[in-house]
Each structure stands twice: as C-alpha cells, then as structure tokens.
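Peer 1: missing the sequence, but the structure's below:
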C-alpha cells in the first residue's frame, strides 16, 4: 500500500500543503482565488500544527474510525487499502473524531460530515506532496512493521 | 499550479530558449518552474513581513490563523500588499526624474530650449515639494474635482509617498482609506512621469514619429555592440550615442527608452527575454541600470564574456561624458578580446514607427470617428512581460482581435516594443483591421501603423481637452495584459483615477480579500468612474479581449420608466 | 470448523469479517431475530426523526452475507444451547452444530414495572419493530422517560417530527451516565432551546389512560401525552448465556476473558451482552456502545478462528454529534468517584476549564487519563481517547490536552517515552521519519 512520508528536516511549516489541499481538493471551485471566499469554507485535510510537520490520515491497518462508524460511512477501498469517508451516508455523529488517535478527522457542522484525508483517492498523486515546495512530502510503499499479522 | 508550455511567441527568442535548455543555462522560465508552487498566501495578498513579530498570514481555511499578530485581517493584508507595490512603483517613476533633473541642473546636458527646460525643472521641484498645483491646467476639471473630493490630489513627496508608506507601519484605517492613499501615491508618480517627458522634450527636442529598427537582428556581426539595460539618464545615453557614432559602435537597448532625439537605441528585445541577447555572443558590453534589470545578467555576462558597467553604482563618476568615454573604451576593449567568439545573430529584424505626438490633431479625428461609429472604442496597452504567460502572446491575441473589431489600439513603453516585434507598429505590415479603423488610421497620416505608440497619459488628456465627453464616459479601456513590475501597478491605478476602466493580469495580490476587490470595483467606479478589474477566473486571451468588447456593446441600461 | 454466530448487529458482523479474514472456507451460520438485517441501532432515532430512510440505516450493503459466504438465518431466534453436544436450537426446532459459538445477542431495553406501562402508545426504542411502531404512532404530544443517550435522541427525533416533547428524568440531570452536572446543564439548555421540555428529579409513577396512554404521572407533575417512549436503560440479553451455563458477571453481562471467551470453552461473547474489563474504572463493566461492540466482535472472531488476539479492555465513550447541532463528547468516568477499586494511595485529579461556549474536563488517576468531557469544542478528542486506553502518564501534557490548539505533535514526547505501549505500525511510521 502506498503511504505518505513526511521528512521533518525538510518541512518548513509553510502551510502550502494545507492551502492547496483546501483550495484544489476540498473546495467547489478547485482554484485558489475562487475558493478563498467560498461558503462554507473548504476544510484542509492535512495539518501543519505545533511543529513543522505535515500530518495526514495514516490509513491505519487497524483503523479505529472504521470500527467506530455506526453506519458503514467510513470505508476501506479494497484496491488501495485507503480509508475514506463515504460522505452521502455520514450522519455527523463524530464517533470517528472521538477515536482517531492522530486527531486528523475534522468534524464539520457546516458540511454535516466528518472530513478526512483520503490520500487524494481519485487524483493519482496526493496534492500535498505535489504542492510541498521543499519536497518534504513524498509517497512510498508502506513498510511492514509487524513480523506476523496478529 | 501550472507552468507555461510555450515560453514565448517570439521565434527568435524561442530558438535560444531551446539552446539554453541544451546548455543548461537558466532562464526566467526555468527559475519560475523550479519554484512552483509559489506561495499561495502571498499570491492572494494574505501575508505580511512589515514587522518582526511575523511573518504573518491570514489562512483562508483555518479559524485559528485568520488575523496577523498585530490584528491585520485579510482585508488589511490584501490592500497593503497592493499599497506596497504602488509605493515601489511610484519611487521607480521618481528616480529617473531626479537623475535627469540633477544632470540638467549640473549643466551636463545642453538643452535645446534652455528656458523651457528651466521651467520644467522648476515644475518638478514644485511637484515634489508642494504637489499638483502647478499642473492643474493640463487636467480636466472633472477629474481634478474627483481627486479633490476623495482627498487624493497629489501634495508632494512627504504627503503622497512618505505618508502613504506609514499605512504599512500601523494604524486603524479602512480598506477604502488605504486604497485612496495608494491612489494618491500613484498619481504623484504619474505626474512625475509626465514631467520627465516634458523635460526630455525641452532638452532634446520632439521630432515626432520616428522609425526604429528592433529585435535581435539589429546586433552587428562585425562591429562592437553595446546594449543599455534598464532606465538610465538620457544625458548619459546621449553621450554614449555621440561617442559610439564616432567609433562605429552599435548601441542598442533593452527595457530602456529607445528615443533620445536624435539618437535611436534599437530595442534588441523586451523584458521577458532580456537575457537572450547575451546568448547570441554578439554583445560586447552591457550598461546595466537598475529598474527592470535582471540580476541574472551578472551570470550571463560571466558565461558569455560580456563586460558589465553599472552607471548607478556608489563610486561611479557622476559626469556623463566621462562615463560615456569609459564605456566606449571598455566596449572596444571587449570587442577585441572577444574576436574569436562566434556571433550567432538571428535574422530577426522589424521596423516600427514610435513616439507619435499624443497631443497632435489626431485627437479630434479619433473622437469624430468614435461618435460616427467608425471605431467602436479605444484600447490602451501597457506593461511589460510576465513569465506566467507565453511572452507577448496575450498582447498579440488581444490586439489582433481588437483591430478586427474597429478598436483603436494605443500602446506605450515595453508594450510597444513587444507588439513592434511582430510588426504591429510597422506601417508597411498589413494587419487585419476593421474597415472603420482602417479609414481612421489612414486619415491620421501617411504612415500610421495598426497600433500607435505614444504617451498614453498625454493621449488621454488630449482626448479630454478636445472633446466634450469626460474620459470616464468614453468607450476606452486599458489592458495590462502581461503585467510584471510595480510601476505598472502604479500606472494602472493612475489611469483608473483618470476614468479609464483597466484590466490587469495576472491578478493583483488582493484576491484574498473580497472587500478590497469590491473597493477596486464598485468604490473606484463611484469615486473615479472607472474600475480596476481583477479577473480571478482563469480565462484565455481571446476571452480577455471579449471583456472589453462585451462592455462596450452592452445595450444602454433601461431608463427605469414604467411601461405604458 | 463450524462457526455459529447468535446476533446480527455490530459485534456479530465484525466477528464474521474477522473470521473470514483468516478462514475463507469454513461454514459460518448467523442467526438474527431481527427481521431487518444489517441496520445500525445507533441510527434508529434518525429513522424516527425521518431524517434517514431505511436503506440508509444499514451499515453493510445488502449483499454482505453473500459476499462473505455466510449462511444468514434472518428472523430466526436461537432459543437454547447445548454446550455438551455443541449444538444450538432455533425457535423453529431445528438444531445446528458448532465448533465455535459467539453470543452477540446485545441487550434488552428495560421496561420499567410502572402501572399502565402496557397501554397502547407506550414503547421502547431498541428494535426496528420499535422504531416502526413509534414512526406510525400519530400524536402531537410525546413524553420520553429517561434522559440517557437514547432518551435525549428520541426526544429530539420526535421534536423534529413536529411533536411537543417532554423529557422526564429520575436523576438530577440529563445524561447522568455520560456527562457531569456542568456539562449536562449546558446540554439541557441546548435541548430546551430546541423546544424540548425537560423535567429532572422526577420519577414516572403511572401511565394513565383508557387503553391508550393519555398522560404520565410523576410524584410532582402530570404530563398530558398521547405517546410515550421508554428509555430507562438497557440490560444485557443474557438469557441464552445463562441457559448455556456461562458465568454472568457482577455487572449483569456475560463474563469474558481478554480473548473474549466465556467460562465455557468454545463459547465466546462480544458486544452489549458481555462484560469486559473497563480500563478507566479499573473493574469489569458493561460498556454497551458501538465501537466497543465492533472491536470485541473482531477480537472474538480472530480468537475463534485460531489467531490469538487480546482485547485491551473497554472504555465507555459517547458522542452527541450534529443531532442537536452542538458537539459534545465524553469518555471514561465522569466523576472521580466512579473509578472503583482504586488503591488507597491512588491520586485522582480533576482538571476543568469553562469558557463562554465550551466546557472541558479531564480526570486523571496517578497521572493517567480515566475520563474526559468535551462540550462545544471536540476536535482531536481522539487523541485523549487513545491516551486513556493506553493508560500512560500525561500530567505534564495536561495544558496542551486542555488547549483548543491541541495537536498530535504535542504528545510526541509521550510516544517516544512509551514505544513499548504505542506499538501500532502507524506510530512507528511517524517516529521513523525522525520526528
């Protein structure tokens, strides 16, 4: 499975990944000047907070959000292994927000759904990696940290 | 985040672009692509580095990060991003005027009309110290009233430039207030620019429309080539030209005034491709001013063994004659040293007729043609190039469209040079023009090209003086199609203040603040009768032309009277 | 290997998925007494509020059983188990053999023994049948007995359908098992602002009416109504387990070990029916919530299929999301006193922060989180839930945890310190970057 890797030595905390994630993925207008003043305000799915480091959804192997979602809105794509929010059925109960160990799910009362990075599932290459001016964000194959599965 | 596939519309430049790629020479396009994406916050005007508590941004998509440390919100940040550019642009207009005045005052120039020159110098001093009072005769009352009402009548350096700069230092002013300060500052720059033109006329005379050869092919294969880059004192240029003539040295220019009568400094290329001439191997010496000159010329000079002289350096001699001697000497030295370096000069030369007299009898004929419906409107083209567009392509596309639609096209400065490369300023080149426009152009003179180069501000004033309609009532628009420099921002604001609807690309750094965008549109419309149009939607050049065509063809608004 | 699953909700489906992830061939028979399979009970209030149609209540698609090759017996109730013979018997009389059995029978809504409770128009809200019944009740005025999560959500659902609703709670605050008094008072104001009449400290004593309920009487007041929703609580449905002879724990749920096995070999339990070790309370407890049911089902399934997996212990957690338009979350214990069997030298601290629109509280035992309440500002709550489940010391991080600018980066030192506890590969992945 392809995952995102962030190099903290290269991250300058410039927030460009957040900016492009919101304006090109999350927004309706899909372009910066038009999305800036969109209502409701587009929500970035990557977080640059505290330290210079970009934090996206880890698409956990054992994803707590998958277990906590009461109506099958949180799903895993069988091909890519990516965990995504199937927004039409989201009832905004925020159970997933309550269990995410990384705090990367944003409850959005404006959009009435839980918002989470889907690693640009329908795009090909993640926009945060494309936008990063220092190439701190890259995509690589997930390492297998466990010797055995369970 | 995209980069432009086709770098330039100029085939001669394109050849060298490909060559540079081969030889791993870095051009502006490479540097641009290498740093994509450019910071989105700065692009939208939502950043500030005015104090040391930042750098601050207003993050459009995060609640915790909407306002700078001092409290500047997105509106303040955006309008101040605009003001910063205008301050720089105005200073860029004032600097050449200062140099020129100093030289005239020192006796280094030998004015053709000494009395007039002294008068203008006095006017300049008056402008800088006390503002526009001495110049109000030139401007229509309606415009002066609009400026006075809004408080933007220029009052001199301390009240227009320095006071405006203080808006960046703090304070609780509104968006509209800050914007008006930007206007005030810009107007000072424009008035200064006009006086520069007047002084030039007094010192060197004004012979009217002049034929100029231009583009890369003007470089000489078998003689030394000096190229003057950027703004520099016309007196120095005159001295260089005089001494170069004696020694059969060619003196061309890039981003510099091509005409210091009777001398002509053929534009070798324009702003976006300014490094290319050195790649021909034919340039022996570059006189590098400041404004518009790419610091990369240093590297190119090294790579292609070109001598560099900076007339504005701290320790440089102030005497233009002495400096010109030095320059000639170095040029000949360089030519000798470079005898074995091959010169690959492309076969690209164009002819252009430039410097039409804006205030001539043309204004009446033009206004008559307008009211008779022979031409549908007038478009002013200004600005240089921007690596974000295919060089010159925006100008070409829009001008071609306008010419077909009977729109009279006026250009000035770098825009003229750009269009001239493609024959738009060449009377002998047939450009497809609408019948009405064709008729008008032939009535204006024997050899009037499709696009007329003249001082656009003077042209506007001539129109206002000649006709009864104020400028804001005419179907006239300004197009900064490939704006690159801060002077262009200042000029755009000045023209809006004079009542000209202005279109500006790329988007000014105000797109992050709807309020500032509105101020540039509705508020300016109310105050001056014209808007500065920032088009955030990505459209191609033909659609950009459509904006003006659509605006002038819109039916008159309903009278508001009830149906009977 | 034959697997039999009794139950068809969160724990059962999760167990089935876990078994199939390991064993694709063996036969799985699933029995659910609900005629509508695969719907999420959590969403019944949304159905009653007419915000969701029936198909949208499902948490798995209709072809789930086919896809996973499950023999699903929908609407079939298992009535007895023979642990010796290793068979289960359905209400139809048929018997089915098993090698591994999962009891995921969930809970039964408590019907209080109040006079008149059998009148028409009085219903609990647990099963799909309950929801249909309530949906079809015509009425203008409803009374909801019990202001727990179900009670509050039922009250709002009926309000959204245009009824006048009175919510009656026996204890002194709404949501007594979820929030403390201060948080509850904020929530109460919100639901009162929405139009629900809330009466606390009153116990329903009688349902009055002639065959059809007309009013509810408490000690202090009488409330006119034409329908009543009973939401006084849920009891684990242990009848089958009891009959099978497995031990029932002190809290009324089936006792389970960390592998989700009951005291009977080969019989497992998961979900609302079982009792697990509550990390926050430090004692076995019934935490009848969806995420726990799902995780317990998964661990049970894995163990049933021969893979040793350990359930780390449950915690209670509740989230009121957008249903009342005001976010509120709570996890673990709500009061320091709820942590039972604390040793004498345990230090319990409560840290509170109240601002104009938010209320936050963290309860620490010896520096580890055992409870937290977030009202009004709830993003990143998952970070605290995780720290609570892992029971690591967080004392010096409390200011960050209470801050509205909490970010995952703030707890990196905790990850570094306890690499042996934060073993999930995703943590390793982050720490490997050099952070």
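Peer 2: The structure has been received and is ready for your questions. All values derive from a computational prediction rather than experimental measurement.
Peer 1: Can you tell me the SS state at the residue nearest to residue B:380 when sequence neighbours are not counted?
Peer 2: If you skip the residues right next to it in sequence, residue B:380 has residue B:478 as its closest partner in space, 4.3 Å away by CB to CB, 6 or more residues apart in numbering or on different chains. All C-beta spots, glycine's among them, are computed from the backbone N, C-alpha and C. Under DSSP: H, G, I helix; E, B strand; the rest coil, residue B:478 falls in the strand class.
Peer 1: Could I get the pLDDT score of residue B:478?
Peer 2: Note for residue B:478: predicted pLDDT of 97.
Peer 1: my guess is it meets residue B:502, correct?
Peer 2: Yes - Residue B:478 sits in contact with residue B:502 when judged by CB atoms under 8 Å, with a separation of 4.3 Å.
Peer 1: ok, the two, which is more surrounded?
Peer 2: When residue B:478 and residue B:502 are compared on other CB atoms under 10 Å in any protein chain shown, the one with more neighbours turns out to be residue B:478, at 29 against 24.
Peer 1: Look up how far residue B:370 lies from the more buried one.
Peer 2: If you measure residue B:478 against residue B:370 using CB to CB, to the nearest Å, the figure is 16 Å.
Peer 1: swap in residue B:490?
Peer 2: In terms of CB to CB, residue B:490 sits 28 Å off from residue B:370.
Peer 1: quick one: which of those two has more around it?
Peer 2: Applying other CB under 10 Å to residue B:490 and residue B:370 shows that residue B:490 carries more neighbours, namely 28 against 23.
Peer 1: Could I get the phi/psi values of that one?
Peer 2: Its backbone dihedrals place residue B:490 at phi -60, psi -40, with angles given as degrees, to the nearest 10.
Peer 1: wait, what's in contact with it?
Peer 2: Counting by CB atoms under 8 Å, 6 or more residues apart in numbering or on different chains, residue B:490 touches B:85-86, B:89-90, B:92-93, B:185-186, B:189-190.
Peer 1: do the same with residue C:244
Peer 2: Residue C:244 sits next to C:80-81, C:83, C:103, C:264, C:267 when contact means CB under 8 Å, 6+ apart.
Peer 1: Type out the ChimeraX command that picks the buried ones from these.
Peer 2: In ChimeraX, the members of these classed as buried (16 or more other CB atoms under 10 Å in any protein chain shown) are selected with the following command:
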select /C:81,83,103,264,267
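Peer 1: Show me the contacts of residue C:244 that map onto strands.
Peer 2: For the contacts of residue C:244, membership in strands holds for C:80-81, C:103, C:267, with DSSP state E as the criterion.
Peer 1: need these in CSV with pLDDT, can you?
Peer 2: Formatted as CSV, the ones in strands among the contacts of residue C:244 follow (pLDDT from 0 to 100):
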residue, pLDDT
C:80, 94
C:81, 95
C:103, 96
C:267, 96
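Peer 1: Please report how far the closest residue to residue B:263 other than its chain neighbours lies from residue B:526.
Peer 2: By the measure of CB to CB, 6+ apart, the closest residue to residue B:263 outside its immediate chain neighbours is residue B:241, 3.7 Å from it. The gap separating residue B:241 from residue B:526 is 48 Å, by CB to CB.
Peer 1: Neighbour count: the two, which is higher?
Peer 2: Taking other CB under 10 Å, residue B:241 and residue B:526 do not tie; residue B:241 has more neighbours (19 against 11).
Peer 1: Figure out the helix or strand that the more buried one lives in.
Peer 2: Element membership for residue B:241 (DSSP states H and E) is helix B:234-246.
Peer 1: which bits of the stretch 151-300 of chain C sit near chain A?
Peer 2: C:290-291, C:294-295, C:298 (CB under 8 Å from any CB of the partner chain).
Peer 1: can you give me the angle the lengthiest helix in chain B makes with helix B:234-246?
Peer 2: With secondary structure taken from DSSP state H, chain B has its longest helix at helix B:74-106. Note on geometry: by axes from the mean of the first three to the mean of the last three CA atoms, to 10 degrees, helix B:74-106 and helix B:234-246 are set 60 degrees apart in direction.
Peer 1: Just say helix, strand or coil for the closest residue to residue C:68 other than its chain neighbours.
Peer 2: Nearest residue to residue C:68 in three dimensions, chain neighbours excluded: residue C:20, at 5.0 Å (CB to CB, 6+ apart). Assigned with three-state DSSP, residue C:20 falls in the helix class.
Peer 1: Residue C:20 - how many residues pack around it?
Peer 2: Residue C:20 is flanked by 19 other residues according to other CB under 10 Å.
Peer 1: From what I see, it and residue C:64 are in contact.
Peer 2: No - in this structure, residue C:20 is not within contact of residue C:64 by CB under 8 Å, at 10.8 Å.
Peer 1: Surely residue B:116 is in contact with residue B:205?
Peer 2: No - using CB under 8 Å, residue B:116 makes no contact with residue B:205, being 10.3 Å away.
Peer 1: Run through the residues that contact residue A:108.
Peer 2: Residues touching residue A:108, when contacts are defined by CB under 8 Å, 6+ apart, comprise A:40, A:43, A:92, A:114-115.
Peer 1: What score does it have for pLDDT?
Peer 2: With respect to pLDDT, residue A:108 has a value of 91.
Peer 1: For chain B, see how far away it is.
Peer 2: 12 Å (CB to the nearest CB, to the nearest Å).
Peer 1: Please identify which of the ones in strands among the contacts of residue C:244 is nearest to residue C:372.
Peer 2: The shortest gap between residue C:372 and any of the ones in strands among the contacts of residue C:244 belongs to residue C:103, at 31.4 Å (CB to CB).
Peer 1: Kindly state the beta-bridge partners for the closest one.
Peer 2: Taking DSSP bridges as the rule, residue C:103 bridges to residue C:6, residue C:269.
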